[in-house]
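In: need coordinates for the below:
(2 chains)
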Amino acid sequence: AQSVAQPEDQVNVAEGNPLTVKCTYSVSGNPYLFWYVQYPNRGLQFLLKYITGDNLVKGSYGFEAEFNKSQTSFHLKKPSALVSDSALYFCAVRPNTGFQKLVFGTGTRLLVSP
Amino acid sequence: ETGVTQTPRHLVMGMTNKKSLKCEQHLGHNAMYWYKQSAKKPLELMFVYSLEERVENNSVPSRFSPECPNSSHLFLHLHTLQPEDSALYLCASSQVRADNTGELFFGEGSRLTVL
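Out: Prediction:
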């Protein structure tokens, strides 16, 4: 069965600094990987996904993620953090065969200080 | 606005009440999902409907009863709930494709409190 690990409950970064939110996965076969963001009292919003091709995926709001097959990782990054990026971030994985059951991690809270 | 609308946004109910959560998607998708979000736990997939047939039921207690009358509407009927059922219930939709690459679109959630 597939699984996702987000090892950090919270990441703190100062505005203007680069940020990284970590994600590792376990899945049979090749993975499809996703990042979602959740702002307070809101649902999850899709940020980006890796399906195939270039390992660096660009998404919404200036976020990008790098797929690393050997390390089974899909870390979320942004070159310069904004206070408005403060939110809860979820990584998710789905195998590329079978019905589309998407499995989420426990989430990482990002706190960007002014 | 994600195209997925959930009502009510907040619900407080007693353990003996019967209530329902409603979800409507305006995206023309053919699959709908219920997830449960509790503090410090991964999102739990509860039910999946694809083309109006239930294709997944993750050992959810029978006090939760889903209904999908058509591809745009999904309900979660609630009865004799327990306080531990208090959580944020998220509805999502997606377009099921042969290549398995579609992402989910979520509603804003229904915050349920069971007293």
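
In: look at the residue nearest the centre of chain B and report its pLDDT.
Out: Among the residues of chain B, the smallest C-alpha distance to the mean C-alpha position (C-alpha atoms, centre = their mean) belongs to B:Trp34, namely 2.6 Å. The model reports B:Trp34 with a pLDDT of 94.

In: what helices and strands are in contact with the helix or strand harbouring it?
Out: B:Trp34 is part of strand B:31-37 when elements are defined by DSSP states H and E. Applying 3 or more C-beta pairs under 8 Å, 6 or more residues apart in numbering or on different chains; DSSP states H and E, one finds that strand B:31-37 makes contact with strand B:18-25, strand B:44-50, strand B:73-79, strand B:87-94. (Each C-beta comes from the backbone N, C-alpha and C, glycine too.)

In: do that again at 10 Å, thanks
Out: Taking 3 or more C-beta pairs under 10 Å, 6 or more residues apart in numbering or on different chains; DSSP states H and E as the contact definition, the neighbouring helices and strands of strand B:31-37 are strand B:18-25, strand B:44-50, strand B:53-57, strand B:64-70, strand B:73-79, strand B:87-94, strand B:105-106, strand B:110-114.

In: want to throw those into CSV with distance to chain A and mean neighbour count?
Out: CSV is the format used below for the helices and strands packed on strand B:31-37 (distance: least, C-beta to the nearest C-beta, whole Å; neighbours: other C-beta atoms under 10 Å in any protein chain shown):
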stretch, distance to chain A, mean neighbour count
strand B:18-25, 11, 19
strand B:44-50, 7, 20
strand B:53-57, 6, 12
strand B:64-70, 16, 15
strand B:73-79, 14, 19
strand B:87-94, 6, 23
strand B:105-106, 4, 24
strand B:110-114, 8, 19
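
In: mind putting the ones you listed into JSON lines with mean pLDDT and distance to A:Ala14?
Out: Below are the helices and strands packed on strand B:31-37 laid out as JSON lines (pLDDT from 0 to 100; distance: least, C-beta to C-beta, whole Å):
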{"stretch": "strand B:18-25", "mean pLDDT": "96", "distance to A:Ala14": "39"}
{"stretch": "strand B:44-50", "mean pLDDT": "89", "distance to A:Ala14": "34"}
{"stretch": "strand B:53-57", "mean pLDDT": "72", "distance to A:Ala14": "42"}
{"stretch": "strand B:64-70", "mean pLDDT": "93", "distance to A:Ala14": "43"}
{"stretch": "strand B:73-79", "mean pLDDT": "96", "distance to A:Ala14": "42"}
{"stretch": "strand B:87-94", "mean pLDDT": "95", "distance to A:Ala14": "30"}
{"stretch": "strand B:105-106", "mean pLDDT": "95", "distance to A:Ala14": "30"}
{"stretch": "strand B:110-114", "mean pLDDT": "95", "distance to A:Ala14": "32"}
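
In: which one, of these, ends up nearest to A:Tyr39?
Out: Each of these has some distance to A:Tyr39 by C-beta to C-beta; the shortest is strand B:105-106, at 11.7 Å.

In: note down every partner strand of the closest one and its orientation.
Out: Strand B:105-106 has the following sheet partners, assigned by DSSP bridges: strand B:87-94 (antiparallel).
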